[in-house]
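[1] sequence and computational prediction follow.
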Amino acid sequence: MNKTLKLALPLLIAGMAVSPSPAQTYYYDETKTFHENGFTYQCDNDGGIITLYNSQNRLTYADKTYKDGSRLPEDIYRGRVHAIEEEHWSRPRVRTIVNDAFSPAEKAIVKKWRFVISMLIDPDTGKVAEVIFYLPIKSPYTRIPPSTYYKIEQGLKKEICFTMTETGKQLNYALLSWEHEVK
């Protein structure tokens, strides 16, 4: 994690003084791999959306299919047929895990911005198997270090589990995605 925030010297541009502002670290400005303390994250930058995920993920770019690899009918593929049983406890717990991963300083940076989180659910166990983050390239989420996203991933994998429907049990994974604003 880069903790070096330096104050820029005041600049004189066209006769106007610009006051000092903290230098900003943007972690995801190019496609790269982060080797951090105990984990490795991959950042894929396509010039518009950043895809950030644990390098051990197997399903990040895999199509949702039946376990045998055959194609899903449209209603199942689009989620109109539910893969996960309806319940009411996980949504608030998921939000808490995500919000608590951000420090107060990080929360101030991303205030009123949103990013997308996808959980890929293991159809055999109902546990979160993989987590993928989608960050708009021009958002303040690109200033948040990989360790924060890893903390979210670990919390979701440890604490969240779903009951799969009969349809869900037939899939290679179930997908739950949402747009999140850190509170």
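    Everything's here; your move. Numbering: from 1, shown residues only.
[2] and for the host helix or strand of T51, what's in contact with it?
    Take DSSP states H and E as the rule and T51 turns out to sit in strand 49-54. Contact with strand 49-54 is made by 28, 39-44, 60, 130-137, 142, 146, 149-150, 153, as judged by C-beta atoms under 8 Å, 6 or more residues apart in numbering. In short, each C-beta sits where N, CA and C put it, glycine included.
[3] recalculate using a threshold of 6 Å.
    Identification of contacts with strand 49-54 by C-beta atoms under 6 Å, 6 or more residues apart in numbering yields 28, 42-44, 60, 132-135, 137, 149.
[4] for stretch 109-119, same thing?
    128, 131-135, 139-141, 143, 176-177, 179-182.
[5] once you drop chain neighbours, what's closest to Y173?
    Among residues not flanking Y173 along the chain, L120 sits closest, at 4.5 Å (C-beta to C-beta, 6 or more residues apart in numbering).
[6] so that neighbour: helix, strand or coil?
    Three-state call for L120 (DSSP: H, G, I helix; E, B strand; the rest coil): strand.
[7] so how many other residues sit close to it?
    When neighbours are counted by other C-beta atoms under 10 Å, L120 registers 23.
[8] now S177
    Other residues within reach of S177, judged by other C-beta under 10 Å, total 13.
[9] can you pull the contacts of it?
    S118.
[10] for the chain, what helix or strand is lowest in average pLDDT?
    Least confident helix or strand of the chain, by mean pLDDT, DSSP states H and E, is strand 11-13 with a mean of 24.
[11] so among the contacts of strand 49-54, where is pLDDT lowest?
    Lowest pLDDT of these: I137, 91.
[12] low-confidence ranges, this structure, go.
    1-23 (pLDDT under 70).
[13] in this structure, which residue is closest to the centre?
    Using C-alpha atoms, centre = their mean, the residue of the chain that lies closest to the mean C-alpha position is F133, 2.2 Å off.
[14] quick check: closest non-adjacent residue to Q42.
    Nearest to Q42 is S55, by C-beta to C-beta, 6+ apart, at 4.7 Å.
[15] and for that neighbour, the neighbour number?
    12.
[16] ok, now how distant is the residue nearest to T40 when sequence neighbours are not counted from R78?
    Of all residues not flanking T40 in the chain, S55 sits nearest, at 4.2 Å (C-beta to C-beta, 6+ apart). Distance, S55 to R78, by C-beta to C-beta, to the nearest Å: 29 Å.
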